[in-house]
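Visitor: Mind looking at a prediction? Sequence and model below.
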Amino acid sequence: MLFANLQPNPEITTVQPEKLFLAVQADPFVVPSLLLESLLIAESVSKQKTGIAERVFKSLPKPFALYARDEQRVTSALICAQQLGTQPVAWVLEALEPNPIWSQVPLELRVNAYEQTRSLYLDSARRDLDLFMRDSPPAQLSLR
């Protein structure tokens, strides 16, 4: 069973999502909603247990068959990588080059990771963040 006894207490949770994620790399016959929920659960548990974060991270570098839920796969890999350190974050983001996730937080995370790992993509990351910030609309003021 992939997720047995899934409860809020991570100490009593047996999670082996990497088995599903590795199988889905070759098997295109997976229910998309099951895959999405499995990725979200794996993210949640990975935030609480580094050992699980590492196992999940290692099972997500290759796309699933037919690129099923690929955007979520990358997001989940990035969330797990953040639990493991700067180098894994840089690996996830470098795999997306030259097409980074185009929103402020991932672009800032990209610059930070590339600075710390001395990535060859650092100049590009800085340019992209500057461009994004320059062209982004100003933050909305709340009237509440």
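Guide: Looks like it arrived, so ask away.

Visitor: contacts and neighbour counts: CA atoms only from here.
Guide: OK.

Visitor: Contacts for the helix or strand in which residue 37 is found next, please.
Guide: In the assignment (DSSP states H and E), residue 37 maps to helix 32-46. By C-alpha atoms under 8 Å, 6 or more residues apart in numbering, the residues outside helix 32-46 that reach it are 10, 15, 17, 52-53, 56, 68-69, 72-73, 76, 79-80, 83.

Visitor: repeat for stretch 93-102
Guide: Residues from elsewhere that reach stretch 93-102, judged by C-alpha under 8 Å, 6+ apart: 78, 107, 110, 121, 132.

Visitor: Wait, the fourth one touches residue 114, no?
Guide: Yes. In terms of C-alpha atoms under 8 Å, residue 121 counts as a neighbour of residue 114; the distance is 6.9 Å.

Visitor: Looking at these two, which has the bigger crowd around it?
Guide: Between residue 121 and residue 114, counted using other C-alpha atoms under 10 Å, residue 114 has the larger neighbour count: 25 against 17.

Visitor: Leaving out sequence neighbours, find the closest residue to that one.
Guide: Distance criterion C-alpha to C-alpha, 6 or more residues apart in numbering; nearest residue to residue 114, sequence neighbours excluded, is residue 122 at 5.3 Å.
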